[in-house]
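In: My questions concern the predicted model and sequence given below.
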There are 2 protein chains.
Amino acid sequence: MEALKERILKDAVVKSGGVLKVDNFLNHKIDVELTEQIAGEFYNRFADKKVTKVLTIETSGIAVAYPVARAFGVPLVYAKKNESVNMDGELYVAEIPMDGRKPGKVIISKKFLQPEDHILIIDDLMANGYSLQGLISLVELAEATVEGLGVAIEKGFQEGGHRIRNLGYELESLVIIDALDDKTGEIIFRSPEE
Amino acid sequence: MEALKERILKDAVVKSGGVLKVDNFLNHKIDVELTEQIAGEFYNRFADKKVTKVLTIETSGIAVAYPVARAFGVPLVYAKKNESVNMDGELYVAEIPMDGRKPGKVIISKKFLQPEDHILIIDDLMANGYSLQGLISLVELAEATVEGLGVAIEKGFQEGGHRIRNLGYELESLVIIDALDDKTGEIIFRSPEE
């Protein structure tokens, strides 16, 4: 997606440890116009799917997933990372690895995932893909169907892409980054034909 | 706002301690069609204001604030409750009271609030108004201008409404609830003329 690539080149900041900061257009501060274009692109890529809900995970996935849900005319559900006081009722919980820390959780109220649901999973960024794997686990626990997964930016030099595609799911990444150089600030994109 | 009242009567759940659960249409699971109507109503109420950014706080404010930002054609910025690893650079931090717990924080990168900004603050629910007060503090720290505040649901039996209006700000609540009865499940709305 050219517009997203251009914006990354213009405004993203490369930090040490393979971190790419996109907080001035994709999270923390959201460029709504760009986000609408991202949502439109996701809609085009999954338009032939039967989608009953869009699923994401708090916090930064919400602003990207909301206009996708609007495009499909379906509800948005976001999984949580912590059980809040307001989460009573039965929950699906999936543990996810966290780099160098104790495992994290993704949590959803059972009532929001039904076996007849066809779920499109959307997130802003994918690195190791643990969050997406957790979301897939929630959908599987509910015996619902994953129609596909979409991420705005895939870090192609981390394992998430392989992991999710090896599970047999359709994963659409609008931009794939193959390398980040925190010395020079250079960002290398994967060519579309690869 | 009639559509929101009707939805509250149909789907909200009254819990003990003055808690109103709206997790099946306003947070956790988001009814996008209703949220679009809510955003349209906010736009109508603040259409005469000069707004350069919409500000909310993670997590549940994001889905309501996003379409408001879209309506105004301005960026959305959301304040955070915790300093994340990706928040480097200078921050504005405001402490907010938390009922029965140690004070919480609302945090924003300084670069996202400029003195020339005119800010519309949007959130889904207001009870004691501490989060909104924290957001106001961030705007004041940046020497920017608060153009107004909008919340979808105000709990009129808690202090937030008085607190914010007494500070001199224009606060628009689409629905005000004057009482919740957790024995009967009854929800009493404030009449528009009061």
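Out: Received it, and whenever you're ready, just let me know what you need. Numbers count the residues shown, from 1 in each chain, chains lettered A, B, ... in the order given.
In: what pairs with the helix or strand harbouring A:D124, and is each one parallel or antiparallel?
Out: Assigned by DSSP states H and E, A:D124 falls within strand A:118-126. Applying DSSP bridges to the sheet, strand A:118-126 is found paired with strand A:53-57 (parallel), strand A:145-155 (parallel).
In: Would you mind writing the CA trace of the helix of greatest length in chain A as CSV?
Out: Using DSSP state H to define each element, chain A has its longest helix at helix A:32-46. In CSV, the C-alpha atoms belonging to helix A:32-46 read as follows (Å, rounded to 0.1, in the frame of the first residue of the first chain):
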residue,chain,number,x,y,z
VAL,A,32,-7.8,9.4,10.4
GLU,A,33,-7.6,10.0,6.7
LEU,A,34,-4.8,7.4,6.3
THR,A,35,-6.6,5.0,8.6
GLU,A,36,-9.7,5.2,6.4
GLN,A,37,-7.5,4.3,3.4
ILE,A,38,-6.0,1.4,5.4
ALA,A,39,-9.5,0.2,6.2
GLY,A,40,-10.6,0.5,2.6
GLU,A,41,-7.7,-1.6,1.5
PHE,A,42,-8.5,-4.3,4.1
TYR,A,43,-12.1,-4.2,2.9
ASN,A,44,-11.0,-4.7,-0.7
ARG,A,45,-8.8,-7.6,0.2
PHE,A,46,-11.4,-9.5,2.2
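In: Not counting it itself, show me its contacts.
Out: A:1, A:3-4, A:7, A:25-26, A:63-64, A:66-68, A:70-72, A:120, A:122, A:147-148, A:150, A:152, A:172, A:174, B:66, B:69-70, B:73-76 (C-beta atoms under 8 Å, 6 or more residues apart in numbering or on different chains). C-betas here are computed from N, CA, C, even on glycine.
In: go on, stretch A:179-194?
Out: Outside stretch A:179-194, the residues touching it (C-beta under 8 Å, 6+ apart) are A:5, A:8-9, A:12-20, A:155-157, A:175-178.
In: Just the ones of these in helices?
Out: Per DSSP H, these map to helices at A:5, A:8-9.
In: per-residue confidence at the spatially most central residue of chain A?
Out: Geometric centre of chain A, nearest residue: A:D123, 1.7 Å, by C-alpha atoms, centre = their mean. Per-residue pLDDT puts A:D123 at 98.
In: Next: A:V85.
Out: 57.
In: For PyMOL, write the selection for the buried entries among the contacts of stretch A:179-194.
Out: Those of the contacts of stretch A:179-194 that count as buried under 16 or more other C-beta atoms under 10 Å in any protein chain shown are selected in PyMOL with:
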select buried, chain A and resi 8+12+13+14+20+155+156+175+176+177
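In: Chain B contacts on chain A?
Out: Selection of chain A residues close to chain B by C-beta under 8 Å from any C-beta of the partner chain yields A:15, A:19, A:21, A:23-24, A:28-33, A:35-36, A:58-59, A:62-63, A:66-67, A:69-70, A:73-78, A:80, A:86-88, A:108-109, A:111-112.
In: coming back round to it: would you mind finding the most buried of the strands paired with strand A:118-126?
Out: Per-stretch averages of neighbours, counted by mean count of other C-beta atoms under 10 Å in any protein chain shown, single out strand A:53-57 among the strands paired with strand A:118-126, with a mean of 27.
In: quick one: contacts of it?
Out: A:62, A:64-65, A:68-69, A:72, A:74-81, A:106, A:108, A:112-113, A:117-123, A:131, A:134-135, A:138-139.
In: where does chain A dip in pLDDT?
Out: A:84-87, A:193-194 (pLDDT under 70).
In: same thing but at 80, please
Out: A:83-88, A:98-101, A:192-194 (pLDDT under 80).
In: hey, where'd the strands end up in it?
Out: A:13-15, A:19-21, A:29-30, A:53-57, A:76-79, A:91-98, A:101-109, A:118-126, A:145-155, A:171-181, A:186-189 (DSSP state E).
In: Just put those in JSON lines and tack on distance to B:E186.
Out: Putting these into JSON lines (distance: least, C-beta to C-beta, whole Å) gives the following:
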{"stretch": "strand A:13-15", "distance to B:E186": "52"}
{"stretch": "strand A:19-21", "distance to B:E186": "49"}
{"stretch": "strand A:29-30", "distance to B:E186": "38"}
{"stretch": "strand A:53-57", "distance to B:E186": "31"}
{"stretch": "strand A:76-79", "distance to B:E186": "28"}
{"stretch": "strand A:91-98", "distance to B:E186": "28"}
{"stretch": "strand A:101-109", "distance to B:E186": "24"}
{"stretch": "strand A:118-126", "distance to B:E186": "36"}
{"stretch": "strand A:145-155", "distance to B:E186": "39"}
{"stretch": "strand A:171-181", "distance to B:E186": "47"}
{"stretch": "strand A:186-189", "distance to B:E186": "57"}
